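J.: what would the 3D arrangement of this be:
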Amino acid sequence: MMNITENHPKGTIMLLVRLQSELVEEELLEIARNRAPQFRSIPGLIQKYYTRTQNSGEYIGVYIWDSMESVKKFKESELAATIAKAYKLIGPPTMEVVDIMFELRE
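T.: Numbering: from 1, shown residues only. Prediction:
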């Protein structure tokens, strides 16, 4: 497996945050909408998608970043530290950083 390096063009870093929540979907969405302005203000965050899986109570936050440095700063931020409490997680979230190799649309 290739190592993810610091040399990425803009928008080629994806962070996947998988979580299991005690909340029902409507409650989770309300919290997500209330926290959206905080996420919009994060330097280097190009886009964030709020997704759900086919498993009940399981969600994935899909973040698109401009650099690994921005990802690292986010992971160390107070906002990232509050994810578990805000969304009433069952266990810790899992985080995975992946390279975006090709974009269909620019």
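J.: and K48, how far is that from I42?
T.: Taking C-beta to C-beta, to the nearest Å as the measure, K48 falls 9 Å from I42. No exception for glycine: its C-beta is placed from N, CA and C like everyone else's.
J.: with Y87 instead?
T.: 17 Å.
J.: more neighbours: which of those two?
T.: Y87 (21 against 17; other C-beta atoms under 10 Å).
J.: which ones are touching T94?
T.: By C-beta atoms under 8 Å, 6 or more residues apart in numbering, the contact list for T94 reads 17-19.
J.: scan those and report the most crowded one.
T.: Most crowded among these, counting by other C-beta under 10 Å, is L19 at 21 neighbours.
J.: quick check, pLDDT for the closest residue to it other than its chain neighbours.
T.: Spatial nearest neighbour of L19, excluding adjacent residues (C-beta to C-beta, 6 or more residues apart in numbering): P93 at 4.2 Å. Note on P93: pLDDT of 92.
J.: for P93, give me its contacts.
T.: 17-19, 83-84.
J.: what's the offset of stretch 38-46 from the middle of its chain?
T.: 11 Å (C-alpha atoms, centre = their mean, to the nearest Å).
J.: who's in contact with that stretch?
T.: 10-11, 48, 63-67, 69-71, 73-74, 77, 79.
J.: which parts of that stretch are buried?
T.: 39, 42, 44-45 (16 or more other C-beta atoms under 10 Å).
J.: restricting to C-alpha, output stretch 52-66 in PDB.
T.: What follows is stretch 52-66 as a C-alpha-only set of coordinates in PDB (Å, rounded to 0.1, in the frame of the first residue of the first chain):
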ATOM      1  CA  ARG A  52     -25.500   6.900   6.200                       C
ATOM      2  CA  THR A  53     -24.900   3.200   5.600                       C
ATOM      3  CA  GLN A  54     -27.300   0.300   5.300                       C
ATOM      4  CA  ASN A  55     -26.600  -0.600   8.900                       C
ATOM      5  CA  SER A  56     -29.000   1.000  11.400                       C
ATOM      6  CA  GLY A  57     -27.300   3.900  13.300                       C
ATOM      7  CA  GLU A  58     -24.100   3.900  11.200                       C
ATOM      8  CA  TYR A  59     -23.000   7.000   9.500                       C
ATOM      9  CA  ILE A  60     -19.900   8.200   7.600                       C
ATOM     10  CA  GLY A  61     -18.700  11.800   7.400                       C
ATOM     11  CA  VAL A  62     -16.800  12.200   4.100                       C
ATOM     12  CA  TYR A  63     -14.400  15.100   4.100                       C
ATOM     13  CA  ILE A  64     -12.500  16.500   1.100                       C
ATOM     14  CA  TRP A  65      -9.400  18.400   2.100                       C
ATOM     15  CA  ASP A  66      -6.800  20.600   0.400                       C
END
